[in-house]
Every structure is written in C-alpha cells, then in structure tokens.
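A.B. asks: Structure for this input, please:
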Amino acid sequence: MESSPSRGVLIVGWLGLLAHAALFFWFAASGLVAPGWAVALLLAMWAGLLLFGAWLRRRRPLLTPLVPIAALLLWLAVITAGETLLNWTA
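C.D. replies: Numbering: from 1, shown residues only. Model prediction:
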C-alpha cells in the first residue's frame with residue numbers, strides 16, 4: 001500500500017501550479033510583441049503545461065515546480081526566436 005505524501009510535499013506541488021498560473025499573464029500579454037497566431041500557440045502550450053503540471057502534482061509533487069521553469073524558458077525562447085528570426089517588434 002502506498003503512503004500518502006507529506007503536507008510539505010503537497011504544498012510544494014500546489015506552489016508549482018500557482019507559479020505556473022502566474023505565468024499566464026506573460027503568455028497572454030505576448031500579443032504586445034507577437035502576432036495573434038503565435039499568442040494562440042503560446043497559450044495552447046501554457047494550457048498543455050498546466051495539464052501536465054496537474055498530472056505531475058498527483059504523481060510526483062516535488063517535480064511540479066519544474067513546470068513553471070519550463071514554461072518560462074519556453075516563453076523566452078519563442079519570443080526571442082520571433083524577435084530574431086521573424087522581426088517581431090513591440
């Protein structure tokens with residue numbers, strides 16, 4: 001029989017999801033720099049990472065804080081690539 005995770009582990013999982021939720025603003029505000037199709041793609045990726053984070057919180061809560069880190073790196077990579085390769089400007 002599996003033991004349930006400790007309270008601290010559960011808190012870490014929820015904090016990871018909250019941090020990911022806070023990044024929604026940056027993904028949604030990308031329309032200031034990126035075209036609509038890119039913002040839609042970014043928001044779809046954010047939602048996919050949210051679902052993955054929720055799944056991860058139930059399976060391995062201590063890894064959940066990696067989701068907002070991955071989301072931030074993804075956002076930075078897409079915006080930087082768009083500015084560099086596709087000439088997106090504010």
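A.B. asks: quick one: low-confidence ranges for the protein?
C.D. replies: Residues of the chain meeting the criterion pLDDT under 70: 1-2.
A.B. asks: Now do the strands in it.
C.D. replies: Counting by DSSP state E, the chain has no strands at all.
A.B. asks: Summarise which helices and strands the lengthiest helix in it is packed against.
C.D. replies: The longest helix of the chain (DSSP state H) is helix 36-59. In this structure, helix 36-59 packs against helix 7-22, helix 24-28, helix 66-85, with contacts taken as 3 or more C-beta pairs under 8 Å, 6 or more residues apart in numbering; DSSP states H and E. (C-beta placed from N, C-alpha, C; glycine too.)
A.B. asks: Which strands and helices lie in contact with the last one?
C.D. replies: Helices and strands touching helix 66-85, by 3+ C-beta pairs under 8 Å, 6+ apart, are helix 7-22, helix 24-28, helix 36-59.
A.B. asks: In CSV, list the C-alpha atoms belonging to the first one.
C.D. replies: As requested, the backbone C-alpha atoms of helix 7-22 are provided in CSV (Å, rounded to 0.1, in the frame of the first residue of the first chain):
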residue,chain,number,x,y,z
ARG,A,7,1.9,18.0,3.9
GLY,A,8,5.1,19.8,2.8
VAL,A,9,5.3,17.8,-0.4
LEU,A,10,1.7,18.6,-1.2
ILE,A,11,2.4,22.3,-0.6
VAL,A,12,5.4,22.2,-3.0
GLY,A,13,3.1,20.7,-5.7
TRP,A,14,0.4,23.4,-5.2
LEU,A,15,3.1,26.2,-5.2
GLY,A,16,4.4,24.9,-8.5
LEU,A,17,0.9,25.1,-10.0
LEU,A,18,0.4,28.5,-8.6
ALA,A,19,3.7,29.7,-10.1
HIS,A,20,2.6,28.3,-13.4
ALA,A,21,-0.7,30.1,-13.2
ALA,A,22,1.1,33.4,-12.5
